[in-house]
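> Here you go, sequence then predicted model.
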Amino acid sequence: MTAQPVRPHQPEPRVPRTIGGISEALRGARRAQFFAEVLAAEQGAELDATLTEWWGRAMLDSNPQRDRIHAAAEAGTLPTTSWDEIARRRRANGGAMPSE
């Protein structure tokens, strides 16, 4: 007999989706801009949208490869993939993403 988890394991995100988690991950003046927008947002959909937008920025800021990727993009050496290539890979993989 084997035990199966009730839900598949989801690794914790690098940045928690909290005001504190987001603010800790942001670099420089972006943190002050984040707080200004959060404090101005109304509770509900507006605050949720603000947190979602800034969480994405915080995830980018906290990426360990951020500086290398930024330098490669600036130098024009960042590898890219077209949407057509992504679609071709998905079709070849039975519709699933290559990492699935």
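Looks like it came in fine. Computed from a predicted structure; not experimentally measured.
> which residues does L47 contact?
V38, A41 (C-beta atoms under 8 Å, 6 or more residues apart in numbering). Every residue, glycine included, has its C-beta placed from N, CA and C.
> Please, which helix or strand holds it?
helix 45-61 (DSSP states H and E).
> Please compute how far that helix lies from its chain's middle.
Distance, stretch centre to chain centre, for helix 45-61: 9 Å (C-alpha atoms, centre = their mean, to the nearest Å).
> Which residues belonging to that helix are considered buried?
L47, T50, L51, W54, W55, R57, A58, M59, D61 (16 or more other C-beta atoms under 10 Å).
> got TSV for these, with distance to T80 and pLDDT too?
Compiled in TSV, the buried residues of helix 45-61 are given as follows (distance: C-beta to C-beta, whole Å; pLDDT from 0 to 100):
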residue	distance to T80	pLDDT
L47	35	97
T50	30	97
L51	30	97
W54	26	97
W55	25	96
R57	21	93
A58	24	95
M59	20	92
D61	22	88
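> just for the chain, where's the confidence low?
Where the chain drops to pLDDT under 70, the residues are 1-11, 96-100.
> before we move on, the earlier item: quick one: work out the angle between whatever helix or strand comes next after the helix holding L47 and helix 45-61.
Next along the chain after helix 45-61, taking DSSP H and E as the criterion, comes helix 66-75. Between helix 66-75 and helix 45-61, the angle formed by their directions is 80 degrees, by axes from the mean of the first three to the mean of the last three C-alpha atoms, to 10 degrees.
> which residues touch helix 66-75?
L60, N63, L78.
> List just the nearest of the residues you listed to V38.
L60 (17.8 Å; C-beta to C-beta).
> Pull the contacting residues for the closest one.
With C-beta under 8 Å, 6+ apart, L60 has these contacts: R66.
> from here on, count from 598
Understood, numbering begins at 598; the last thing we discussed is L657.
> Columns distance to V635 on top of the buried residues of helix 642-658, output as CSV?
Listed next are the buried residues of helix 642-658 as CSV, based on distance: C-beta to C-beta, whole Å:
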residue, distance to V635
L644, 7
T647, 6
L648, 7
W651, 8
W652, 11
R654, 13
A655, 12
M656, 17
D658, 16
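> Buried ones in stretch 614-629, by neighbour count?
I616, G618, I619, S620, A622, L623, R628.
> No further questions, thank you.
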